[in-house]
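*Asks:* Sequence first, then the predicted structure, then my questions.
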Amino acid sequence: MLSEVDLDPDPFRQFARWHTEAGSPPEMALCTASPAGEPAARMVLLKGVDDGGFVFFTNYGSAKARNLDANPRAALLFHWPPHRQVRVRGGASRVSAGESDAYWATRPRGSQLGAWASRQSQVIASRAELERRVVEVAATYPGDIPRPPHWGGFRVVPAEIEFWHHRDDRLHDRMRYRRADGRWVIERLSP
């Protein structure tokens, strides 16, 4: 059950509470649209959330990054079976180079090598070609690996966040936080 009195007035604190209770990996569905309006969805890892929004990292040449650069709006979906989900809708923009650098430094070496070697979303002749590129990058950077200029983060800044809780007979609880005049308004939505 989800009631107005149980909700934190801050949607980010409410999200943090549910996310902690779920105890699940930080996976989320990211939905974007091309400049022509063609939708695309994929799973990505949430790497940060604060009052500024929800952050993930990617290759800036990927389809998702190209979509967000051309059409900077996104939707996110978190699903925690069996009873909860959170939907987020808002604008998206690249995070600062400093923020990307800070996260890059925490990544395992193999992930760093892969980010240099992969031309994400591009056609590749074979797995062997990808593995050859990884070996070349490893030889180029035997020590610390710098962040590639084509890799970094995006932040989705929500215009609205909806918390959904399963109820019997499909009479689910749906509570939406919506920005209005610089503050969050909480509204109950019909299931």
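*Replies:* Cool, got the structure. Remember, predicted model here, so these are calculated numbers, not experimental data.

*Asks:* rest of the way, CA atoms for contacts and neighbours
*Replies:* OK.

*Asks:* quick check: longest helix of the chain.
*Replies:* helix 127-140 (DSSP state H).

*Asks:* strands paired with the next helix or strand after that helix, and their directions?
*Replies:* Next helix or strand after helix 127-140 toward the C-terminus (DSSP states H and E): strand 151-165. Strand pairing for strand 151-165, determined by DSSP bridges: strand 53-59 (antiparallel), strand 84-94 (antiparallel), strand 173-180 (antiparallel).

*Asks:* Now do strand 151-165, average pLDDT.
*Replies:* Strand 151-165 carries an average pLDDT of 97.

*Asks:* do stretch 26-33 as well
*Replies:* 96.

*Asks:* helix or strand right after the helix or strand hosting residue 102?
*Replies:* In the assignment (DSSP H and E), residue 102 maps to helix 97-104. The helix or strand immediately downstream of helix 97-104 is helix 109-117, counting by DSSP H and E.

*Asks:* tell me the angle of that next one relative to helix 97-104?
*Replies:* Relative orientation of helix 109-117 versus helix 97-104 (axes from the mean of the first three to the mean of the last three C-alpha atoms, to 10 degrees): 130 degrees.

*Asks:* quick one: buried residues of helix 109-117?
*Replies:* 112, 113, 114, 115, 116, 117 (16 or more other C-alpha atoms under 10 Å).

*Asks:* of those residues, closest to residue 162?
*Replies:* Nearest to residue 162 among the buried residues of helix 109-117 is residue 115, at 33.0 Å by C-alpha to C-alpha.

*Asks:* Can you give me the distance of the closest one to residue 62?
*Replies:* 11 Å (C-alpha to C-alpha, to the nearest Å).

*Asks:* go on, residue 180?
*Replies:* Distance of residue 180 to residue 62, computed by C-alpha to C-alpha: 33 Å.

*Asks:* Same check on residue 44?
*Replies:* Distance, residue 44 to residue 62, using C-alpha to C-alpha: 12 Å.

*Asks:* Could you do residue 161 as well?
*Replies:* In terms of C-alpha to C-alpha, residue 161 sits 26 Å off from residue 62.

*Asks:* okay, these two: which has more neighbours?
*Replies:* Counted by other C-alpha atoms under 10 Å, residue 161 and residue 62 do not tie: residue 161 has more neighbours, with 24 against 17.

*Asks:* Without its sequence neighbours, what residue ends up closest to that one?
*Replies:* residue 88 (4.5 Å; C-alpha to C-alpha, 6 or more residues apart in numbering).

*Asks:* wouldn't that neighbour be in contact with residue 155 here?
*Replies:* No - Residue 88 lies out of contact with residue 155 (C-alpha atoms under 8 Å); the separation is 12.0 Å.
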